[in-house]
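Q: the following block contains a protein sequence and its predicted model.
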Amino acid sequence: MSAKSRCAPSVRLALPKGRMQEAVFALLADAGARLQTGVRSYRPRIALDGFEVKILKPQNIIEMLAAGSRDVGFAGADWVEELGVDLIELVDTGFDPVRLVAAAPRDLLIEGRLPRGHLVVASEYRNLTHRWLEARAQPFTYVPSFGATEVFPPEDADCIIDNTATGSTLRANDLCIVDEILCSSTRLYASPQAMEDPARRAAIDTLTLLIESVLEGRRRVMIELNVGEDQLEAIMRILPCMRQPTIARLHGDVGFAVKAAVPRSDLPNLIPLLKAEGGTDLLTSSLSQIVP
């Protein structure tokens, strides 16, 4: 064992089991931290020095980060709020975006709002449900659900509090959204105890940098074009970039080659504008990682 491995503690990384897993594994692979699973599939090896990995259910990840038995891990923001734990959010990946909403049958609503009388409310989110209803001074009975919450009304509950990505499941069950409680996505969290340890914090900061570089790379695309000298300033005025574009003279001094990393979402409007301002030979290419 080297002196470095004796002195530096392993960072205990928790990865989510279930629907989050595929996107998180792909993110880590794109960051160069590929996972190798084997017979012990809940303890894969990761191509990142100083880390040991365990796969857990997202709710367990949150609890173990709070307890300090895991140092860093991925989980949904909705369950962090539900469990009310003190964690440090490092990165919002934007994966699995959902809204936590209150919804009820249209026939129950009065001018689009819940009635003020006693309600039976079904949800997996016990604490968030209680906080939301108590803030409204709404009398209620809480009914715990364990999935398929949308089928409870109208026979078994008046109202539900559940997460939704598009609202289509709610509409299919004739439920109307009456309030949005919070927005959630898959995020990288750290234990406060781990961040107080300089060695573990340094390793976690490295992981955070790698993940952010991949996410930024996915948000941008490299665009390259040629432009004549007379059109260069017009192109510069409309070309978004991180700092300044790269500009090089073309062979024969017939113009310039321009290159910049631009937001991918800008391309549908940007490409026609660049063409109209004299840009030619436009080329776009994907980016793996961007480290500002």
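A: Nice, thanks for sending it over. Numbering: from 1, shown residues only.
Q: quick one: the helices in the stretch 1-150 of the chain?
A: Ranges of helices within the stretch 1-150 of the chain are 3-7, 21-30, 58-67, 77-83, 126-135, based on DSSP state H, counting those that start in this stretch.
Q: tell me the SS of the residue nearest to P292 when sequence neighbours are not counted?
A: With Cβ to Cβ, 6 or more residues apart in numbering as the criterion, P292 has its nearest non-adjacent residue at 6.6 Å, and that residue is M242. (C-beta placed from N, C-alpha, C; glycine too.) Under DSSP: H, G, I helix; E, B strand; the rest coil, the three-state class of M242 is coil.
Q: and M242, how many residues sit next to it?
A: Per other Cβ atoms under 10 Å, the neighbour tally for M242 reads 13.
Q: check V101 too.
A: Neighbour count of V101, defined by other Cβ under 10 Å: 20.
Q: check contacts around it.
A: Contacts for V101 (Cβ atoms under 8 Å, 6 or more residues apart in numbering) come out as 161-164, 170, 177-181.
Q: which other helices and strands does the top helix by length along the chain contact?
A: For the chain, the helix with the greatest residue count under DSSP state H is helix 198-219. With contacts defined as 3 or more Cβ pairs under 8 Å, 6 or more residues apart in numbering; DSSP states H and E, helix 198-219 has these neighbours: strand 11-16, helix 21-30, strand 88-105, strand 175-190, helix 192-195.
Q: run the chain-centre distance for the next helix or strand after that helix.
A: Scanning forward in sequence from helix 198-219 by DSSP states H and E, the next helix or strand is strand 220-227. Relative to the centre of its chain, strand 220-227 is centred 27 Å away, using Cα atoms, centre = their mean, to the nearest Å.
Q: hmm, back to that, could you save the helices of the stretch 1-150 of the chain as JSON lines and add columns showing mean neighbour count and mean pLDDT?
A: Converted to JSON lines, the helices of the stretch 1-150 of the chain look like this (neighbours: other Cβ atoms under 10 Å; pLDDT from 0 to 100):
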{"stretch": "helix 3-7", "mean neighbour count": "9", "mean pLDDT": "46"}
{"stretch": "helix 21-30", "mean neighbour count": "17", "mean pLDDT": "96"}
{"stretch": "helix 58-67", "mean neighbour count": "20", "mean pLDDT": "96"}
{"stretch": "helix 77-83", "mean neighbour count": "20", "mean pLDDT": "97"}
{"stretch": "helix 126-135", "mean neighbour count": "16", "mean pLDDT": "96"}
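Q: closest one to A257 among those?
A: Of all these, helix 21-30 sits nearest to A257, with 28.0 Å by Cβ to Cβ.
Q: for stretch 168-177, buried residues please.
A: Neighbour-count burial for stretch 168-177, counted by 16 or more other Cβ atoms under 10 Å, picks out 169-170, 173, 175-176.
Q: kindly indicate which of these lies nearest E111.
A: Within the set of the buried residues of stretch 168-177, C176 lies nearest E111; the separation is 11.9 Å, counting by Cβ to Cβ.
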